[in-house]
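S.K.: Compute the structure for the input listed below.
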Amino acid sequence: MSRRTRYAVLAVLATTAVAGGILAGAAANPPESPVLSNVATANTKSEGYAPASKLSAELRQSVVAQGSTKLENGSPGTVSYYGYDNDVLNAAGEPQMVPTGSNPTHEAHKTEPDKNTYLVFKQSLTGADPNYWYGTHFLFQGHESGSPGYITRINLDADAAHRVTLMATKDSTGATLPQIDGSTWDPFAERLLFTTELGGGPSIYSATPGYPSTVVNLVGSLGNAAYEGVQNDKDGNLWLSEDSSGANKGATVAKVPNSFVYRFVPKHPGDLADGRLQVLQVLNAANAPITKASQTPLNSADQIALHTYGASFDTRWITIHDTATDGTAPFSANALATAANGTPFKRPENNAFRPDGKFRQFYFDETGDTNATSVENPIGGWGSIFQLSQKTPSANTGTLSLFYKGDAAHAGFDNVTFISKNQVTFVEDAGDTLHSQRNALDSGWLFNVNTDYSNPANQPQRWLAEGRDPSATIDSGVSGLGNEGDNEITGAVVSNGDPGANGILGAKPPKLWKDDWRWFYTQQHGDNPTYEVLPAEGS
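M.R.: Below you'll find the model as predicted:
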């Protein structure tokens with residue numbers, strides 16, 4: 001069956017399906033390409049069990065790099081493979097990738113490549129080999145674990161020997177890079193941006209895409225915070241979300257919301273050194289700010305209200321730092337946001353604009369408490385998705401509403417990307433504890449922004465039931481190895497790689513598998529493969 005025929009058949013089925021059919025809520029909303037069938041169940045977790053991932057029938061995936069891919073320019077003293085440090089070596093001098101009978105409790109540290117940024121340039125970029133043509137298609141990522149932190153570039157057009165380039169392990173001052181989490185491309189500055197999720201240390205960097213990369217610490221303008229999600233808009237502003245877990249609420253595992261949504265307004269587009277850092281403030285029904293203090297009590301009224309379908313809240317941006325008046329000395333963005341009565345959430349890790357070119361609808365998730373025993377699971381503990389609406393991306397006011405409230409089956413949302421104008425995928429990072437509690441590994445979920453998820457009959461569809469490879473299974477089952485266990489889904493991105501302003505995620509509706517639109521994600525932990533998602537063979 002051709003892909004066109006298959007999509008047509010699925011479209012007919014989607015509009016007539018009853019509960020349990022292909023697309024929940026499809027009768028209310030016409031299907032949008034691509035139409036993907038639902039994966040019925042998540043993969044279960046059990047000791048020593050390493051199931052393969054399950055994808056929608058219309059999809060397949062291909063590895064573009066994995067942890068054991070050798071770097072073309074690795075350093076034996078630090079890192080020589082895509083996903084492994086050289087801290088534990090075997091007799092041959094290679095990183096010990098799995099424990100062995102002679103060394104059962106030791107293995108090299110896995111560096112966990114994280115968020116992916118896809119770019120296509122008109123000319124080949126420079127690489128470690130001055131005589132090699134690296135092509136024009138590239139996938140960039142920072143690494144979330146290990147030491148030092150580092151940046152890699154997957155050269156998608158290159159041969160095996162030149163497939164992955166180590167771009168940088170130090171910044172422009174010679175300081176070692178910390179662990180890196182998020183990334184994006186700023187077309188106005190013509191720089192990659194990398195976030196670190198550290199909070200107390202260097203938190204965001206700019207980097208050039210050619211080799212060797214020049215990496216600049218932006219602490220003087222954007223401060224220190226546990227930044228993870230980072231996204232441009234058409235006006236040149238940077239939107240950032242923070243992943244900073246709060247203190248426990250009393251003797252429970254419920255956490256105090258401690259992570260903010262920020263916007264950096266540069267002096268002019270592309271100026272990463274000068275501008276104003278702002279925090280999002282949400283007002284409750286009494287027109288009072290929803291703050292950390294107001295959400296500290298267990299099951300607080302403000303937190304309940306935020307997680308109520310149909311409620312709408314006025315928002316405003318509060319400037320917490322301005323380089324024109326406050327200078328460029330390092331500062332804590334989280335502390336300033338708290339003092340300014342910004343509104344924190346339960347770990348709003350990542351974000352995306354609806355891709356209609358207007359940048360007026362901004363979606364961000366909460367990862368939540370990631371524990372089935374949290375007494376606040378009904379009010380954000382499972383994780384949630386919010387929609388922030390503004391008249392323009394630079395507007396100072398807007399409205400916030402709950403788009404989706406998670407439950408045990410849909411929990412721990414992390415990375416996000418739109419796959420079409422109205423279809424957005426949020427993928428899970430539930431963690432080992434919740435995986436065990438619900439006996440289910442992570443899933444990738446597909447939502448439609450026109451669907452009313454307050455209706456229990458409308459649920460997202462699963463396009464990916466992630467498995468775990470044997471390496472991750474060993475890490476999960478054997479204590480003392482020092483690496484995280486169960487796989488998580490990260491780095492999901494759909495992009496055409498356009499490095500200009502028209503290529504900002506949100507500027508154009510994606511057209512998957514046409515005009516260079518491609519889909520990537522990384523199965524983090526274990527073997528750390530980075531995949532390209534493709535149409536199923538024969539489609």
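S.K.: Farthest from the middle of the protein: give me that residue.
M.R.: Residue farthest from the centre of the chain, counting by Cα atoms, centre = their mean, is residue 102 at 37.8 Å.
S.K.: So it: helix, strand or coil?
M.R.: coil (DSSP: H, G, I helix; E, B strand; the rest coil).
S.K.: how about residue 242, what does it touch?
M.R.: 225-228, 259-262, 333-334, 347-348 (Cβ atoms under 8 Å, 6 or more residues apart in numbering). C-beta coordinates here come from the backbone N, C-alpha and C atoms, glycine included.
S.K.: tell me the contacts of residue 339?
M.R.: residue 320.
S.K.: Let me see the ranges of the strands in the stretch 151-300 of the chain.
M.R.: Here the stretch 151-300 of the chain has its strands, by DSSP state E, counting those that start in this stretch, at 151-155, 164-168, 183-186, 191-195, 204-207, 215-217, 227-232, 238-242, 261-266, 275-282.
S.K.: Looking at stretch 384-393 now, give me its mean pLDDT.
M.R.: Mean pLDDT, stretch 384-393: 98.
S.K.: which residues touch it?
M.R.: Residues contacting stretch 384-393 (Cβ under 8 Å, 6+ apart): 233-235, 237, 261, 280, 307, 315, 345-346, 348, 353, 359-366, 368, 397-406, 413, 426, 447, 449.
S.K.: Now do the buried residues in that stretch.
M.R.: 384-388, 390, 393 (16 or more other Cβ atoms under 10 Å).
S.K.: What is the nearest of the residues you listed to residue 190?
M.R.: residue 393 (19.9 Å; Cβ to Cβ).
S.K.: Now that closest one: which helix or strand?
M.R.: Assessed by DSSP states H and E, residue 393 sits outside every helix and strand.
S.K.: quick one: it from residue 156, how far?
M.R.: Relative to residue 156, residue 393 is positioned 30 Å away (Cβ to Cβ, to the nearest Å).
S.K.: what's near enough to touch the residue nearest the centre of the chain?
M.R.: By Cα atoms, centre = their mean, the mean C-alpha position of the chain lies nearest to residue 415, the distance being 2.9 Å. Neighbouring residues of residue 415 by Cβ under 8 Å, 6+ apart: 115, 349-350, 426-427, 429, 489-492, 521.
S.K.: Same list (these) but as a markdown table, adding distance to residue 511.
M.R.: Listed next are those as a markdown table, based on distance: Cβ to Cβ, whole Å:
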| residue | distance to residue 511 |
| --- | --- |
| 115 | 22 |
| 349 | 27 |
| 350 | 23 |
| 426 | 21 |
| 427 | 21 |
| 429 | 28 |
| 489 | 23 |
| 490 | 24 |
| 491 | 21 |
| 492 | 17 |
| 521 | 19 |
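S.K.: May I ask which of those comes out lowest in pLDDT?
M.R.: For the contacts of residue 415, the weakest pLDDT value sits at residue 349, with 93.
S.K.: what about the stretch 1-150 of the chain, any weak spots by pLDDT?
M.R.: Applying pLDDT under 70 to the stretch 1-150 of the chain flags the ranges 1-30.
S.K.: what ranges do the strands span in it?
M.R.: Under DSSP E, counting those that start in this stretch, the stretch 1-150 of the chain gives strands at 54-55, 59-65, 70-75, 79-81, 84-85, 113-120, 137-143.
S.K.: Tell me which of those strands sits nearest to residue 290.
M.R.: Of all the strands of the stretch 1-150 of the chain, strand 113-120 comes closest under Cβ to Cβ, at 28.2 Å.
S.K.: Take the strands of the stretch 1-150 of the chain and write them to a markdown table, including mean neighbour count.
M.R.: Converted to a markdown table, the strands of the stretch 1-150 of the chain look like this (neighbours: other Cβ atoms under 10 Å):
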| stretch | mean neighbour count |
| --- | --- |
| strand 54-55 | 20 |
| strand 59-65 | 17 |
| strand 70-75 | 17 |
| strand 79-81 | 23 |
| strand 84-85 | 24 |
| strand 113-120 | 25 |
| strand 137-143 | 26 |
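S.K.: Which of these sits closest to residue 193?
M.R.: For those, proximity to residue 193 was assessed by Cβ to Cβ; strand 113-120 is nearest, at 8.7 Å.
S.K.: ok, residues contacting that closest one?
M.R.: The contact list for strand 113-120 (Cβ under 8 Å, 6+ apart) reads 65, 82-83, 136-144, 152, 180-185, 192, 209, 350, 415, 490-493, 495-499, 516, 518, 520-522, 524, 528, 530.
S.K.: just the buried members of those residues?
M.R.: The neighbour-count test (16+ other Cβ under 10 Å) marks 65, 82-83, 136-144, 152, 180-185, 192, 209, 350, 415, 490-493, 495-499, 518, 520-522, 524, 528, 530 as buried among these.
S.K.: Quick check: the residue farthest from the centre of the chain vs residue 462, distance?
M.R.: 41 Å.
S.K.: got the end-to-end distance for stretch 372-387?
M.R.: Using Cα to Cα, to the nearest Å, the end-to-end distance of stretch 372-387 comes out at 25 Å.
S.K.: Would you mark the buried spots in that stretch?
M.R.: Buried residues in stretch 372-387, counted by 16+ other Cβ under 10 Å: 372, 374, 376-377, 379-387.
S.K.: could you dump those residues to a markdown table with distance to residue 326 and secondary structure?
M.R.: Below are the buried residues of stretch 372-387 laid out as a markdown table (distance: Cβ to Cβ, whole Å; DSSP: H, G, I helix; E, B strand; the rest coil):
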| residue | distance to residue 326 | secondary structure |
| --- | --- | --- |
| 372 | 43 | coil |
| 374 | 38 | coil |
| 376 | 35 | coil |
| 377 | 39 | helix |
| 379 | 36 | helix |
| 380 | 32 | coil |
| 381 | 36 | coil |
| 382 | 38 | coil |
| 383 | 34 | coil |
| 384 | 33 | strand |
| 385 | 33 | strand |
| 386 | 29 | strand |
| 387 | 31 | strand |
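S.K.: hmm, which two among those residues are most spread apart?
M.R.: Once Cβ to Cβ is applied, the buried residues of stretch 372-387 give 372 and 387 as the farthest pair, at 26.5 Å.
S.K.: Please give me every residue in contact with residue 78.
M.R.: By Cβ under 8 Å, 6+ apart, the neighbours of residue 78 are 85-86, 148, 150, 169.
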